[in-house]
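**Student:** need the 3D shape of this:
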Amino acid sequence: HGGAAPGPGQGRAAMTEPFRPGRGQAIKKWRARLRARRRPRLKGVSFNRMLPNLLTLIGLCCGLTAIRFAFEGRFAAAAGAIVAAAVRAGLDGPLARLWKAASRFGAEFDSLSDFLCFGVAPALVLYFWTLEAWRGFGYAPCLLFAVCAALRLARCNSALDAGPGPAYRQHFFTGVPAPAGAMLGLFPLFAGLAAAEWGLVTAASLLAWPGVSALVLTGAGALMVSTLPTWSFKNFRLPETLLLPLLIAVGLYAAFLVSEPWGAMALGGIAYVSMLPFSLRSYRRLKAEAEAIAEPVVAPPAAHAAQP
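**Tutor:** Next comes the predicted model:
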């Protein structure tokens, strides 16, 4: 073919030609392109950690909306908004502990929301419903109830910084919680709406008397700031023999709640108040048992030997 074949020395020199650095960089870039790219992870707070605070925000909006409904004279809608806020209050805490999203910001935000939803809103709803007829005398129980709710929440926040107490105290609240206090304060409205739906005109007019609302608001506020131990139901254990009756009772109450919501809410308030003496008795029993276990056992003095 007109060209001389390369000698053995020339072929070996071509095989031992030194590696060029530029070629290695090109191969690395080519392999990097073929390699599967990892999805970049965004920095920030996950949705699970935000959900308890979002629920708290929804509850705050429910409380503000309840005040607006009461100002417009829509008292049934106002009561429903406060009940929705109470349901929210029972969900955000367990969800925060379940997803390990509890924070100091969430605790403070929850307290501010609870003060408006369960301290200010119920008082203003009852004021616009019936207590406005008494003017300044009707406003005094509303003011007292809101102050008691603020003190109750402040005491709860201060307990967060304190060390853990005895084990038996973990099953109880100190005083009635703010959501339960709001439901107790709204008892005249719940019962009055139920009586009006059932055609009980005399009972409805009696419950709408300002004195009833003033008395109930004062009592509910006193229960919130009291030192009465109330069941928290967080670590509540039930014997297996009572499990089936409890499920049946809850099912019946749920059916009553769906068919007659205001009557069911009023009945729930009566049932809660009736449980307070049993809660106090349970607390005293557990405290006595804990003190008996912790108290050191003193051995009786040995009898002196008879002198000869």
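**Student:** number of nearby residues for the closest residue to Y139 other than its chain neighbours?
**Tutor:** Nearest residue to Y139, sequence neighbours excluded (C-beta to C-beta, 6 or more residues apart in numbering): Y127, at 6.4 Å. C-beta: built from backbone N, CA, C; applies to glycine. Y127 has 22 neighbours, counted by other C-beta atoms under 10 Å.
**Student:** mind listing what's buried in stretch 231-247?
**Tutor:** W231 (16 or more other C-beta atoms under 10 Å).
**Student:** end-to-end on it?
**Tutor:** 19 Å (C-alpha to C-alpha, to the nearest Å).
**Student:** average pLDDT for that stretch?
**Tutor:** Mean pLDDT, computed over stretch 231-247, is 81.
**Student:** cool, stretch 118-133 as well?
**Tutor:** pLDDT averaged over stretch 118-133 gives 96.
**Student:** quick check: end-to-end length of that stretch?
**Tutor:** Terminal-residue distance, stretch 118-133 (C-alpha to C-alpha): 23 Å.
**Student:** do stretch 168-186 as well
**Tutor:** 31 Å.
**Student:** what about it, average pLDDT?
**Tutor:** The average pLDDT within stretch 168-186 is 90.
**Student:** and the residue nearest to Y139, what is it in contact with?
**Tutor:** Contacts here follow C-beta atoms under 8 Å, 6 or more residues apart in numbering; on that basis Y127 touches A70, G138, Y139, C142.
**Student:** from memory the first one sits against A76, does it?
**Tutor:** If I follow you right, that is A70. No: between A70 and A76 there is no contact under C-beta atoms under 8 Å: 10.4 Å.
**Student:** comparing the two, which residue is more hemmed in?
**Tutor:** Neighbour totals were compared for A70 and A76, and A70 leads with 24 against 15 (other C-beta under 10 Å).
**Student:** what residues does stretch 78-95 touch?
**Tutor:** 51-53, 55-56, 58-60, 62-63, 65-67, 69-70, 101, 106, 110, 113-114, 117-118, 121-122, 125, 178-179, 182-183, 186, 189-190, 193, 261-262, 265.
**Student:** list only buried entries from those.
**Tutor:** Applying 16+ other C-beta under 10 Å to the contacts of stretch 78-95 flags 51-53, 55-56, 59-60, 62-63, 65-67, 69-70, 101, 106, 110, 113-114, 117-118, 121-122, 125, 178-179, 182-183, 186, 189-190, 193, 261-262, 265 as buried.
**Student:** on the three-state scheme, F173 is what?
**Tutor:** strand (DSSP: H, G, I helix; E, B strand; the rest coil).
**Student:** tell me if I'm right that it and T230 touch.
**Tutor:** Yes: applying C-beta under 8 Å as the test, F173 and T230 come out as touching, 4.8 Å apart.
**Student:** and L143, what does it touch?
**Tutor:** With C-beta under 8 Å, 6+ apart, L143 has these contacts: A123.
**Student:** try it again at 6 Å.
**Tutor:** By C-beta atoms under 6 Å, 6 or more residues apart in numbering, the contact list for L143 is empty.
**Student:** would it count as being in a helix?
**Tutor:** Yes: under three-state DSSP, L143 sits within a helix.
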